[in-house]
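Chemist: Sharing a model that was predicted from the sequence below.
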Amino acid sequence: MLKSLFISSFVIIDQTTVDFDEGMTALTGETGAGKSIIINALEQLCGARASSSLVRKGSKKAVIEGVFDMNDSIQKVLDELNIDGDDDLIITKEILDNGRSTIKINYRTVTNSALKQVAPYLLDIHSQYQTQEIFNVKNHLKILQSFMNHQDDSLLSEYHKHYFEYKKISQKIKKLEQEDLSDERIEYYQKQYDELKDFEYTDEIIDQLEEELRMMK
């Protein structure tokens, strides 16, 4: 949960602090009041790309700092990044007027890549046009998986198994189709095919062949 947000010299905002309590918080205001800018600030804390245009005109740098509740998922990522955890998670991002930025997690400097590892456990931002994602085929599997519970993991594993098997066989067929065969090889295959095609058999012949096979074994 997001507990508080500090913004300084970001776009048109001089300086402000927003505190959030449990339950629902609504930000209201006229067009141009800065509601979307607060969302943009939160996106920066989730790893969005920084640029000099985000720094308030006349300022040297913009500062965004968010304080979040800790949870086990966040702690696990911090352990992997060798960052000390606490009761709160504090993320600070400074954007300079030349477009460069620095990021700190619990006051330790990290890369944007590290921030993106933590971001999925911080916020879900649903924008006005985000429903358009449902029409993008690339997102369909992600949407489907979000509705599946852990009991369906075996089904997904089975699908992966059959899919990779199918791909392996498909590649083999493609390779055979593209293989350059010599005239002798083609003649050999054709002869075998003709023999099989012209072969007449009855149940008695099959029994006889199976008996011969057993004897040969």
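Modeler: Ah, there it is. Quantities reported herein were computed from a predicted structural model and do not represent experimental measurements.

Chemist: Please pull out the lowest mean pLDDT helix or strand from this structure.
Modeler: In the chain, no helix or strand scores lower on mean pLDDT, DSSP states H and E than helix 140-147, which sits at a mean of 79.

Chemist: pretty sure residue 89 belongs to a helix, no?
Modeler: No. Counting by DSSP: H, G, I helix; E, B strand; the rest coil, residue 89 falls outside a helix, being strand.

Chemist: If I look at it, what pLDDT would I see?
Modeler: pLDDT for residue 89: 93.

Chemist: one step back: any idea which helix or strand comes after the least confident helix or strand of the chain?
Modeler: The first helix or strand that comes after helix 140-147 along the chain, using DSSP states H and E, is helix 153-178.

Chemist: Could I get the buried residue list for that following helix?
Modeler: Within helix 153-178, no residue counts as buried by 16 or more other CB atoms under 10 Å. C-beta coordinates here come from the backbone N, C-alpha and C atoms, glycine included.

Chemist: With stretch 93-108 instead?
Modeler: Counting neighbours by 16+ other CB under 10 Å, stretch 93-108 gives 93-95, 97, 101, 103-106 as buried.

Chemist: What is the nearest of the residues you listed to residue 56?
Modeler: Residue 56 lies nearest to residue 97 out of the buried residues of stretch 93-108, by CB to CB, at 9.3 Å.

Chemist: Now do the closest one against residue 50, distance only.
Modeler: Going from residue 97 to residue 50 by CB to CB, to the nearest Å gives 11 Å.

Chemist: One more: residue 138?
Modeler: 26 Å.

Chemist: Could you report the distance from the residue most central in space within the chain to residue 168?
Modeler: Centroid-nearest residue in the chain: residue 142, 8.0 Å away (criterion: CA atoms, centre = their mean). Noted for residue 142: a distance of 25 Å to residue 168, by CB to CB.

Chemist: ok, residue 138 and residue 50, which is more surrounded?
Modeler: Taking neighbours as other CB atoms under 10 Å, residue 138 and residue 50 compare with residue 50 leading, 21 against 7.

Chemist: which non-adjacent residue is nearest that one?
Modeler: In this structure, residue 50 finds its nearest non-sequential neighbour in residue 101, 4.0 Å apart by CB to CB, 6 or more residues apart in numbering.

Chemist: give me the beta-bridge partners of the one you found?
Modeler: Counting by DSSP bridges, residue 101 is bridged to residue 95.

Chemist: Just the pLDDT at it, thanks.
Modeler: For residue 101, pLDDT reads 93.

Chemist: is it true that it touches residue 94?
Modeler: Yes. Counting by CB atoms under 8 Å, residue 94 is a contact partner of residue 101 at 6.3 Å.

Chemist: quick one, phi psi at residue 9?
Modeler: The phi/psi pair for residue 9 (degrees, to the nearest 10) reads phi 50, psi 40.

Chemist: I'd like to know how far residue 26 sits from residue 35.
Modeler: Residue 26 is 10 Å from residue 35, where distance means CB to CB.

Chemist: Of those two, which one has the most company?
Modeler: Neighbour count, other CB under 10 Å: between residue 26 and residue 35, residue 35 has more, with 14 against 5.

Chemist: can you tell me which residues contact that one?
Modeler: 27-29 (CB atoms under 8 Å, 6 or more residues apart in numbering).
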